[in-house]
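Novice: sequence first, then the predicted structure, then my questions.
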Amino acid sequence: METTLLTPAELYKKMEGFSHDYFLVDVRHDRESFYAIPEDQILKYWLCYSGIVLNHIMDGDLEKAWDVIRSMPQEGQVRFARLGLSIVHPEITWKELVGIINYLKEINSPIWSVILTAGRPSVLNGLQDISRLGPFLEKNKDKFMEDLKMLYEGECVEFIWRLCLAEYKYQRNELLDAEVLVSRTIKEFDRTSERRLLFSSLYLQFKILFAQHKTVSVESFIKNLNDFSKEAGKAEFSLNIDAAHVLFLIYEGNLTVAAQWLENGAPDEFGDFNMLDIFRYLVKIRCYIITKKYAAVVALVERIRPLLEQGRRYMDLCELDLLLSVAFYRSGKKELAFECLERALKLVRRRKYYRLVADEGDAVFHILIDYVNEKGQTDFLMKLTQMARDMAILYPLYLKPQFTGEATFTQMETDILRLLEQGKNKEEIGEYFFISINTVKYHLKKIFAKLDVNGATQAVWKARTLKII
């Protein structure tokens with residue numbers, strides 16, 4: 001079915017409402033229309049430059065995006081669109097960004113249509129990865145807010161600073177400080193209807209509570225997110241909300257939902273690849289790990305790594321290497337797992353991404369233990385290991401391989417599991433079935449293999465979890 005292209009005038013009209021009632025997902029939907037604008041009309045409908053550049057960025061064609069930006073006039077109203085698009089380009093250098101902000105301050109002309117999060121559940125790692133600013137946030141609050149006023153309306157600026165600082169505190173594992181900061185931002189962003197920032201605040205608050213194992217309901221949290229984003233622009237959040245829903249259910253061991261989302265809801269990296277889907281791709285990698293699709297993990301990682309490197313997305317790169325390390329480790333490639341872990345640890349040490357490691361819990365804990373035993377113990381490694389251990393204890397089912405249901409249990413195997421649950425030893429189990437200890441061992445070996453566990457305690461726990469007994 002052939003798509004009907006919109007005229008440049010229609011696209012221009014839509015772009016006038018950008019960030020208010022016309023969002024990045026809408027710009028993406030109109031991609032072919034933007035790309036089809038004739039060169040001799042683009043200056044007349046200059047707002048359409050934004051749609052073209054943003055689509056190139058979402059495509060991952062960063063050089064094409066720069067080519068369009070460089071072709072834009074540097075006078076009149078177009079120059080502000082040019083500056084705004086330069087700011088959101090993933091490859092902009094820190095020096096260039098500071099230069100643009102200083103220029104805007106000099107001429108006293110803020111650009112308030114710049115989007116900080118692009119629907120992602122973070123500001124510090126939103127449209128741009130500004131996690132490098134972590135130490136700067138505490139020491140230079142006034143300077144940060146002064147610069148931010150060039151990109152965002154004044155009354156929210158202090159609370160954006162609070163949210164960024166809360167995210168930084170969270171990564172440093174200063175959970176109480178992070179919770180105090182984020183609670184105030186939630187109230188403010190709700191009052192001012194800043195839905196993008198509210199999404200980031202609520203997501204961070206849930207992660208903080210989750211890390212402390214406080215009583216939280218995943219379903220209530222997701223309902224809360226949907227309620228807050230139900231107005232115009234919900235589509236900007238809905239896909240990432242779904243991915244967040246899957247992620248937190250994975251922590252609880254709900255692998256059925258993860259498998260269903262992988263089949264029906266996850267983004268297709270081989271179809272219409274979209275840089276807006278990076279958060280969803282990272283959740284998809286976890287689903288691949290659960291279902292033991294390790295080759296698919298490697299393929300997806302290598303699909304998005306070059307784009308993350310181009311955009312200097314250090315938090316995403318760190319998370320990517322941690323997950324790749326898990327995939328290699330579980331597939332028996334320990335040396336490759338350690339290489340990925342070392343790349344991640346360099347970023348963790350430099351930028352204090354402690355929670356990125358800790359939040360992977362049991363999956364990373366065992367790699368760290370093995371790595372420490374082989375490479376040697378340091379205070380830094382032991383701190384990370386202890387944090388990962390704490391999450392492993394709180395969420396033992398996180399990233400555990402999926403029990404496919406293909407393995408069936410005989411009545412005897414089920415009964416043996418029930419006897420193990422009662423604390424019976426091998427001799428006692430043998431008496432129940434009039435079989436030798438060696439035959440009991442044979443049955444236990446089969447049971448352990450089917451459940452993918454190493455011993456009786458794990459077998460009973462997993463059998464209960466899967467409702468086999």
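Specialist: Here it is on my side, so go on. What you see is a predicted model, and the numbers here were worked out from it, not measured in a lab.

Novice: relative to the whole chain's centre, how far out is the helix or strand of the chain with the lowest mean pLDDT?
Specialist: Least confident element among the helices and strands of the chain, by mean pLDDT, DSSP states H and E: helix 218-228 (a mean of 81). Counting by C-alpha atoms, centre = their mean, to the nearest Å, helix 218-228 is centred 18 Å from the centre of its parent chain.

Novice: name the next helix or strand downstream of that helix, please.
Specialist: Later in the chain than helix 218-228, the nearest helix or strand by DSSP states H and E is helix 234-251.

Novice: list the buried ones in the next helix or strand after that following helix?
Specialist: Next in sequence after helix 234-251, counting helices and strands by DSSP H and E, comes helix 255-264. Residues 255, 257-258, 261-262 are the ones in helix 255-264 that count as buried (16 or more other C-beta atoms under 10 Å). Backbone N, C-alpha and C define where each C-beta goes, glycine included.

Novice: what angle do helix 218-228 and helix 255-264 make with each other?
Specialist: Calculated by axes from the mean of the first three to the mean of the last three C-alpha atoms, to 10 degrees, helix 255-264 forms an angle of 40 degrees with helix 218-228.

Novice: how about residues contacting helix 255-264?
Specialist: By C-beta atoms under 8 Å, 6 or more residues apart in numbering, the residues outside helix 255-264 that reach it are 242-243, 245-246, 249-250, 284, 286-288, 290-291, 400, 402-403.

Novice: before we move on, the earlier item: mind listing what's buried along the least confident helix or strand of the chain?
Specialist: Burial within helix 218-228, assessed by neighbour count using 16+ other C-beta under 10 Å, is assigned to 218, 221-222, 225, 228.

Novice: cool, and stretch 103-111?
Specialist: 104, 110-111.

Novice: could I get those residues as CSV with distance to Arg464, pLDDT and secondary structure?
Specialist: Shown next, in CSV, are those (distance: C-beta to C-beta, whole Å; pLDDT from 0 to 100; DSSP: H, G, I helix; E, B strand; the rest coil):
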residue, distance to Arg464, pLDDT, secondary structure
Leu104, 60, 93, helix
Pro110, 58, 90, coil
Ile111, 57, 87, coil
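
Novice: Ile87: which of those is nearest?
Specialist: The closest of the buried residues of stretch 103-111 to Ile87 turns out to be Ile111 (C-beta to C-beta; 7.3 Å).

Novice: got the contact list for the closest one?
Specialist: Taking C-beta under 8 Å, 6+ apart as the criterion, Ile111 is in contact with 80, 83-84, 87, 104, 150-151.

Novice: what subset of the residues you listed is buried?
Specialist: Buried among the contacts of Ile111 (16+ other C-beta under 10 Å): 83-84, 87, 104, 150-151.

Novice: which stretches of the stretch 351-469 of the chain form helices?
Specialist: For the stretch 351-469 of the chain, applying DSSP state H, counting those that start in this stretch gives helices covering 354-358, 361-375, 379-394, 411-421, 426-433, 437-451, 456-465.

Novice: mind putting the ones you listed into a markdown table with distance to Glu339 and mean neighbour count?
Specialist: Formatted as a markdown table, these follow (distance: least, C-beta to C-beta, whole Å; neighbours: other C-beta atoms under 10 Å):
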| stretch | distance to Glu339 | mean neighbour count |
| --- | --- | --- |
| helix 354-358 | 16 | 23 |
| helix 361-375 | 11 | 18 |
| helix 379-394 | 16 | 17 |
| helix 411-421 | 39 | 17 |
| helix 426-433 | 42 | 15 |
| helix 437-451 | 30 | 16 |
| helix 456-465 | 29 | 17 |
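
Novice: turn the ones you listed into TSV, including mean pLDDT and distance to Lys64.
Specialist: Formatted as TSV, the helices of the stretch 351-469 of the chain follow (pLDDT from 0 to 100; distance: least, C-beta to C-beta, whole Å):
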stretch	mean pLDDT	distance to Lys64
helix 354-358	97	31
helix 361-375	95	37
helix 379-394	95	40
helix 411-421	91	59
helix 426-433	91	67
helix 437-451	88	51
helix 456-465	84	49
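
Novice: pick the one among the buried residues of helix 218-228 closest to Ile468.
Specialist: Among those, Val218 lies closest to Ile468 (C-beta to C-beta), at 23.9 Å.

Novice: tell me where the stretch 51-200 of the chain has strands.
Specialist: Here the stretch 51-200 of the chain has no strands by DSSP state E, counting those that start in this stretch.

Novice: got the contact list for the closest residue in space to Glu16 that isn't next to it in sequence?
Specialist: Computed as C-beta to C-beta, 6 or more residues apart in numbering, the closest residue to Glu16 that is not its neighbour in sequence is Leu47, at 6.5 Å. Residues in contact with Leu47 (C-beta under 8 Å, 6+ apart) are 11-12, 15-16, 18, 81.

Novice: filter the residues you listed down to just the ones in helices.
Specialist: Of the contacts of Leu47, the ones assigned to helices by DSSP state H are 11-12, 15, 81.

Novice: nearest to Lys214, of those?
Specialist: Nearest to Lys214 among these, counting by C-beta to C-beta, is Met15 at 43.5 Å.

Novice: one step back: now the contacts of Ile111 as CSV including distance to Leu124?
Specialist: As requested, the contacts of Ile111 are arranged in CSV below (distance: C-beta to C-beta, whole Å):
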residue, distance to Leu124
Phe80, 26
Leu83, 23
Gly84, 20
Ile87, 16
Leu104, 22
Met150, 19
Leu151, 15
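
Novice: need the worst-confidence member of these.
Specialist: In terms of pLDDT, the lowest of those is Leu151, showing 87.

Novice: now it: closest residue in space that isn't a chain neighbour?
Specialist: Val114 (4.6 Å).

Novice: that neighbour reaches His89, doesn't it?
Specialist: No. Using C-beta atoms under 8 Å, Val114 makes no contact with His89, being 11.3 Å away.

Novice: mutual contacts of those two, please.
Specialist: With contacts defined as C-beta under 8 Å, 6+ apart, no residue is shared by Val114 and His89.

Novice: so between the two, which is more surrounded?
Specialist: Ranked by neighbour count (other C-beta atoms under 10 Å), Val114 and His89 place His89 first, with 21 against 17.

Novice: who's in contact with the more buried one?
Specialist: The contact partners of His89, by C-beta under 8 Å, 6+ apart, come to 53, 57, 62, 65-66, 69.

Novice: now the residue nearest to Glu16: how far from Phe18?
Specialist: 8 Å (C-beta to C-beta, to the nearest Å).

Novice: same deal with Leu133?
Specialist: According to C-beta to C-beta, Leu133 and Phe18 sit 26 Å apart.

Novice: looking at those two, which is more packed in?
Specialist: Neighbours were tallied for Leu133 and for Phe18 using other C-beta under 10 Å; the higher tally belongs to Phe18 (18 against 15).

Novice: residues in contact with the more buried one?
Specialist: Phe18 makes contact with 27, 47, 50, 113 under the criterion C-beta under 8 Å, 6+ apart.

Novice: in helices, which of those residues appear?
Specialist: Assigned to helices by DSSP H, the following of these qualify: 27, 50.
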